[in-house]
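Q: the following block contains a protein sequence and its predicted model.
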Amino acid sequence: MSDTATAAPSRPRTPEGTRRRRRGGPPGEPRAVGWLYVLPALLVYAAFLLYPLLRAVQISLYDWNGNTLATWAGLDNYVEVVGDPALRASFGHALVLIAFYALLPLVVGLVLAAILGRAKVRGLGFFRTVVFLPQVVAMVVIAVAWRRMYAPDGSINDLLSAIGLDALTRGWLGDYTAALPAVGLIGTWFEIGLVTVLLLAGMGKIPTELYEAARLDGAGAVREFFAVTLPALRGEIAVALTLTVIAALRTFDLVYVTTRGGPGTSTSVPSYEVYNRAFQQGRVGSAAAIAVVLTVIIFAISFGITRIAERER
Amino acid sequence: MRVSRGERATNYVILVAFAVFALWPILGVVVAALGPDDAAGGTVGAGVLGLHPENFVTAWNEGRFGSYLRTSLFVSSTVVVVSVLFSLLAGYALGTMRFRGATVLFYVFLVGIMMPSEAVLVPLYYDLRALGLTDTIWALLLPQVAQSVAFGTFWMRAWFRSANRSVIEAARLDGASTWRILWQVLVPLARPAVVTLTVLTFMWTWNEFLVPLVMVVSESLRTAPLGLAFFQGQYTQGFTLLAAGACIVATPVVVLYLFLQRHFIAGMLEGAVRE
């Protein structure tokens, strides 16, 4: 194998394309050997991700309880996703979670980044380490921690009592109206660090001349933010939104450990419905249909946000 | 940029407020884990400096966290070794070679980064069950290798593409085979990218919850996060031991993060930015 490359330059030049698959040909030529390198990854990936995805589509067209014979259902399971109020509600809950996971952290992150970007602040490295920390803690641990804080005798209620808001205290995760925002707030806490650090990295790339020019034009801090900072961060904002929106749509561990969809179905989300139907209720076809719809939504959002960010650039 | 003293003071107030907000739930767990055991009716007589590190021993034994940590360590390290190796090979080919189908392959792997595991886990469970593989270590390893390989291939391809081409060409002129170029020339240069990939894969595998929840019934195959969720379900008196268990589950990754935070942050930010 080692002689082919050294020999190559002395060989007479062959017309392009006739010896394309020779091993170790000149740089830049097509090399079928690439397939051998890709093969191990491709095999595992195809067997345990791609093939199951196709199977999910197939199963979603059947009525199946996981054990006995499946019966053809056509698009019934998909009709159910649109028509069943409980399922529609779970997608609605996902929308609420998007506000908490994506929009709220983005607003907070922009304010934080705008403030930090204006001044040299000491301890920025420490701050970055601390606010990013939630990203590396296992979601189950986070859920355990927040469950305790939301408990009737937990620290959230203690805090409310301490500032004289006893009327607001409650068992947050057991309350029909409060449970979903309470779960969402955990997502806000979890994502703020990621968004802020991402935006701070983007701020670092903005040339300071832009700010100086804005100052010379008499811009204040607010005008400066809208005229310079916000447009320059468009790419980072798109990335932050894509990541956080997908995280919101995929919320499973958090709901499983904190509320199991309850009280009632007030915190049920699509990914929890997938699990619940496939592994608790024995409605595998329906679960697969929800999973497929969720996947399509996630793909559409990923492509959509990337497109918009690129077009407006 | 020069800012007024008042603005500077406001900045620090805001920074401290958000740092406290980020740390509060985490510190709450640590403090509870070190406090007197609230389920045992408050074992009076404070331990060292009023702390009760013996809670960790109790939680370790009652919650069987030793077994869960062993499983997690085995699963995470196996997934890391196999998927980083496969990702290096695939990323090398896709990043430095031109061959028929390379572009299509790249997009095929890209799909895997976005795909939610919820979507594939339902069919995967029933297919693996038909093969008699559920509730075995394979059901924990293989799906997670597949997920990690998708991101890893994408990550290593980006690095190999940006690698200095003249290094590769020089090595080739010296008679090195593609195999030797990869291992003797490129991998040593790629060390930072490989470390970052290793760290991220380890964290994601360690923290994964849904795959073990669906695939495993035996207690001996429970991973640390799964064990914690079950411990919470069974152990309902008091919070002290649950908090100690939560600390045990979170500590390996948090310690790694504090030492290698640059790799975590850079990896998660760069990996997110698709070309």
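A: Everything's here; your move.
Q: hey, let's count contacts and neighbours off CA atoms from now on
A: Will do.
Q: residue of the stretch 201-313 of chain A closest to chain B, please.
A: A:Ala291 (4.5 Å; CA to the nearest CA).
Q: that residue against A:Ser271, yeah?
A: Yes: contact criterion CA atoms under 8 Å: A:Ala291 and A:Ser271 qualify, at 7.2 Å.
Q: touching both of the two, which residues are there?
A: Both A:Ala291 and A:Ser271 are in contact with B:Glu118, where contact means CA atoms under 8 Å, 6 or more residues apart in numbering or on different chains.
Q: so which elements touch the one helix or strand the residue of the stretch 201-313 of chain A closest to chain B maps to?
A: For A:Ala291, the element it lies in under DSSP states H and E is helix A:284-311. In terms of contacts (3 or more CA pairs under 8 Å, 6 or more residues apart in numbering or on different chains; DSSP states H and E), helix A:284-311 is packed against helix A:51-59, strand A:62-63, helix A:76-83, helix A:234-249, helix A:270-279, helix B:102-114, helix B:117-130.
Q: now do it and helix A:234-249, the angle between them.
A: Relative orientation of helix A:284-311 versus helix A:234-249 (axes from the mean of the first three to the mean of the last three CA atoms, to 10 degrees): 170 degrees.
Q: can you tell me the average pLDDT over helix A:284-311?
A: The predicted model assigns helix A:284-311 a mean pLDDT of 88.
Q: give me the buried positions along that helix.
A: A:284-295, A:298-299, A:301-302, A:305-306 (16 or more other CA atoms under 10 Å in any protein chain shown).
Q: for burial, what's the neighbour tally of A:Ala145?
A: 24 (other CA atoms under 10 Å in any protein chain shown).
Q: please read the previous query as pertaining to A:Ile98.
A: Neighbour number of A:Ile98 under other CA under 10 Å is 22.
Q: is it correct that it falls within a helix?
A: Yes: secondary structure of A:Ile98 (DSSP: H, G, I helix; E, B strand; the rest coil): part of a helix.
Q: contacting residues around it?
A: Going by CA under 8 Å, 6+ apart, A:Ile98 touches A:Thr244, A:Val245, A:Ala248, A:Leu249.
Q: tell me what the least confident helix or strand in chain B by mean pLDDT is packed against?
A: Sorting the helices and strands of chain B by mean pLDDT, DSSP states H and E puts helix B:261-272 at the bottom, at a mean of 82. Judged by 3+ CA pairs under 8 Å, 6+ apart, helix B:261-272 is in contact with helix B:191-207.
Q: so where's the chain uncertain?
A: You didn't say which chain, so I picked chain A. Flagging of chain A using pLDDT under 70 yields the residue ranges A:1-31, A:311-313.
Q: wrong one, chain B
A: B:1-3, B:39-49, B:272-275.
Q: again, 50 this time
A: Across chain B, the ranges flagged by pLDDT under 50 are B:44, B:274-275.
Q: all helices for chain B, in order.
A: B:5-34, B:54-62, B:65-96, B:102-114, B:117-130, B:137-162, B:165-173, B:178-180, B:187-189, B:191-207, B:210-215, B:224-234, B:240-259, B:261-272 (DSSP state H).
Q: got the buried residues for the second one?
A: Read that as helix B:54-62. For helix B:54-62, by 16+ other CA under 10 Å, it's B:Glu54, B:Asn55, B:Phe56, B:Ala59, B:Trp60.
Q: again with the fifth one
A: Neighbour-count burial for helix B:117-130, counted by 16+ other CA under 10 Å, picks out B:Ser117, B:Glu118, B:Ala119, B:Val120, B:Leu121, B:Val122, B:Pro123, B:Leu124, B:Tyr125, B:Tyr126, B:Leu128.
Q: what parts of the stretch 101-250 of chain A come near chain B?
A: Residues of the stretch 101-250 of chain A lying close to chain B (CA under 8 Å from any CA of the partner chain) are A:115-116, A:118-121, A:127, A:129-134, A:136-142, A:144-146, A:148-149, A:189, A:198, A:239, A:243, A:250.
Q: chain A contacts on the stretch 151-275 of chain B?
A: B:153, B:169, B:172-178, B:203, B:206-210, B:214, B:225, B:228-229, B:232, B:239, B:243, B:246-247, B:249-250, B:253-254, B:257-258, B:261, B:265, B:269, B:272-273.
Q: try 6 Å this time
A: Residues of the stretch 151-275 of chain B lying near chain A by CA under 6 Å from any CA of the partner chain: B:Leu173, B:Gly175, B:Ala176, B:Ser177, B:Asn207, B:Pro225, B:Ala246, B:Ala250.
Q: ok, now how distant is the last one from A:Val228?
A: Using CA to CA, to the nearest Å, B:Ala250 is found at 40 Å from A:Val228.
Q: try the second one
A: Distance, B:Gly175 to A:Val228, using CA to CA: 52 Å.
Q: these two: who's more crowded?
A: Using other CA under 10 Å as the criterion, B:Gly175 and A:Val228 rank with B:Gly175 on top: 20 against 17.
Q: chain neighbours aside, what residue packs nearest to A:Asn276?
A: Closest residue to A:Asn276 apart from its sequence neighbours, by CA to CA, 6 or more residues apart in numbering or on different chains: A:Ala287 at 8.0 Å.
Q: pretty sure the one you found contacts A:Arg277?
A: Yes: applying CA atoms under 6 Å, one finds A:Ala287 in contact with A:Arg277, separated by 5.4 Å.
Q: what's the neighbour count on B:Gly6?
A: Counted with other CA under 10 Å, B:Gly6 comes out at 8.
Q: now do the one 3 residues further on
A: Each residue near B:Ala9 was counted by other CA under 10 Å, and the total is 11.
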